[in-house]
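J.: turn this into a model:
(one chain, ligands or ions: 1)
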Amino acid sequence: MRKIALEEHFTTPELAKNYVARPTQSDALFADVERRLADFDELRLEKMDKTGIEMMVLSVTTPGVQGVSDSREAIRLAHSANDFLAREVQKRPDRYAGFAHLAMQDADAAAVELERAVRELGFRGALINGQTNGHYLDEDRYVPFWERVQELDVPVYLHPGNMADHPAMFAHRPELDGPIFAWTADTAAHALRLVFGGTLTRFPQVKIILGHMGETLPFLLWRLDSRREFDLGEELAPEALPSAIIKRNIAITTSGVCDAGALLAAIQALGDDNIMFSVDYPYEDPQVAADFIESAPIGEVARTKVCYGNAERLLHL
Ligand code: MN
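T.: A predicted model of the protein is given here:
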């Protein structure tokens, strides 16, 4: 079955030097990742052809400019990464599409750059690598940014990045850092800040995409509702329940979770219109991801939606 994949990463020569996270202790694995992040012509296309991935929506790998402390430098690097990606997409518009890279150090500049990326470069939305210098996207400073997102009608992929500080719960346990668990905890909390902090109530048409089968949120819906009502001591209107906001505003991808049990739970929790296939290339193997989705114990209508239908609808492809 043909497939669109939307958590697929690259880096630019400029960002490669300082702004690529290293989520493995193996030099050999990391060297392979670096090679694949920089490639658009051979390794990537070969894998796509082999696995029926018709299109990859590309994004700058974590942290990118989310890891830059100086605002002006972050704005410059993001602008130049978007131009770089636009040139690659232009060479193969039938195989590649783009998510904008944005310097969230400056919300107004990020709104302007998102608009440029969507209207002038033809990008399909943005992908943001977690917090930026300790700031999360539910803060008041980002209201003008979300206004622009809603107006442009493009999704924002909330992708993991490192935490701003090192909380005690991870002290002396470096095994839990990075994608094993710390990124999941940070990204799930980031998404819940948008739900509980009112951003997604104020901007009901905004679509957030979460990778990694929803960063655990599909498992938490019932408990979020139950404990929120208990916390407030009152019953919430059905549309004000955290689960209702999540189902309305958040879609997820299967990136990096090739697990049938998790997929079935996610479909049950969010519905098959809210789940999209992805790989998380080059950190995951497209063959494993493709075999997983082709053989997952779901109906053919759901498989079609997950493999490409939902992505086409949400990204206006
Ligand atoms: Mn990723």
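J.: please make it C-alpha for all contacts and neighbour counts, starting now.
T.: Fine.
J.: show me how far stretch 161-177 is from its chain's centre.
T.: Distance, stretch centre to chain centre, for stretch 161-177: 21 Å (Cα atoms, centre = their mean, to the nearest Å).
J.: can you get me the start-to-end distance on it?
T.: End-to-end distance of stretch 161-177 (Cα to Cα, to the nearest Å): 11 Å.
J.: start the count at 708 instead of 1 going forward.
T.: Renumbered: residue one is now 708, and that last one reads stretch 868-884.
J.: which stretches of the stretch 758-907 of the chain form strands?
T.: Taking DSSP state E, counting those that start in this stretch, the strands of the stretch 758-907 of the chain run over residues 760-767, 803-805, 833-836, 863-866.
J.: and for the third one, what's in contact with it?
T.: Counting contacts by Cα atoms under 8 Å, 6 or more residues apart in numbering, the residues outside strand 833-836 that touch it are 766-771, 773, 806-809, 821, 861-868.
J.: I figured Cys965 was touching Val995, is that so?
T.: Yes. Assessed by Cα atoms under 8 Å, Cys965 is found in contact with Val995 at 7.5 Å.
J.: neighbours of Phe937, how many?
T.: Applying other Cα atoms under 10 Å, we find 11 residues neighbouring Phe937.
J.: what's the distance between it and Trp929?
T.: As judged by Cα to Cα, Phe937 and Trp929 stand 12 Å apart.
J.: can you check Ser962 too?
T.: 24 Å.
J.: more neighbours: which of these two?
T.: A side-by-side neighbour count of Ser962 and Trp929, using other Cα under 10 Å, places Ser962 first with 25 against 14.
J.: pLDDT score assigned to that one?
T.: The score at Ser962 is 98. That number is its pLDDT.
J.: what does Asp756 give?
T.: With respect to pLDDT, Asp756 has a value of 98.
J.: so it versus Glu1007, what's the distance?
T.: Asp756 is 22 Å from Glu1007, where distance means Cα to Cα.
J.: got the buried residues for stretch 987-995?
T.: 987-991, 993 (16 or more other Cα atoms under 10 Å).
J.: which members of those are the farthest-apart pair?
T.: Pairwise distances across the buried residues of stretch 987-995 peak at 9.4 Å for Tyr990 and Pro993 (criterion: Cα to Cα).
J.: ok, which stretches of this protein are helices?
T.: Listed in chain order, the helices of the chain (DSSP state H) span 720-723, 734-744, 750-758, 778-798, 814-826, 850-859, 889-903, 906-909, 924-939, 949-956, 967-977, 993-1002, 1007-1011, 1017-1022.
J.: which strands and helices sit next to the last one?
T.: Identification of packing neighbours for helix 1017-1022 by 3 or more Cα pairs under 8 Å, 6 or more residues apart in numbering; DSSP states H and E yields strand 982-983.
J.: what's in contact with the strand it packs on?
T.: Outside strand 982-983, the residues that reach it (Cα under 8 Å, 6+ apart) are 712, 958-961, 973-974, 1012-1015, 1017-1018.
J.: let's see it at 6 Å
T.: 958-960, 1013 (Cα atoms under 6 Å, 6 or more residues apart in numbering).
J.: could those residues be laid out in TSV, adding distance to Ile952?
T.: Converted to TSV, those look like this (distance: Cα to Cα, whole Å):
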residue	distance to Ile952
Ala958	11
Ile959	14
Thr960	18
Val1013	21
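J.: stretch 851-859: which residues count as buried?
T.: 852-853, 855-856, 859.
J.: and stretch 740-749, end to end?
T.: For stretch 740-749, the end-to-end distance is 14 Å (Cα to Cα).
J.: next, the buried residues of that stretch.
T.: 740-741, 743-745, 747.
J.: now render the strands of the stretch 758-907 of the chain as JSON lines, adding mean neighbour count.
T.: Formatted as JSON lines, the strands of the stretch 758-907 of the chain follow (neighbours: other Cα atoms under 10 Å):
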{"stretch": "strand 760-767", "mean neighbour count": "24"}
{"stretch": "strand 803-805", "mean neighbour count": "25"}
{"stretch": "strand 833-836", "mean neighbour count": "26"}
{"stretch": "strand 863-866", "mean neighbour count": "24"}
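J.: now these as a markdown table including mean pLDDT and distance to Leu924?
T.: Formatted as a markdown table, the strands of the stretch 758-907 of the chain follow (pLDDT from 0 to 100; distance: least, Cα to Cα, whole Å):
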| stretch | mean pLDDT | distance to Leu924 |
| --- | --- | --- |
| strand 760-767 | 98 | 23 |
| strand 803-805 | 98 | 26 |
| strand 833-836 | 98 | 18 |
| strand 863-866 | 98 | 13 |
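J.: of all those strands, which lies closest to Ile952?
T.: strand 863-866 (15.6 Å).
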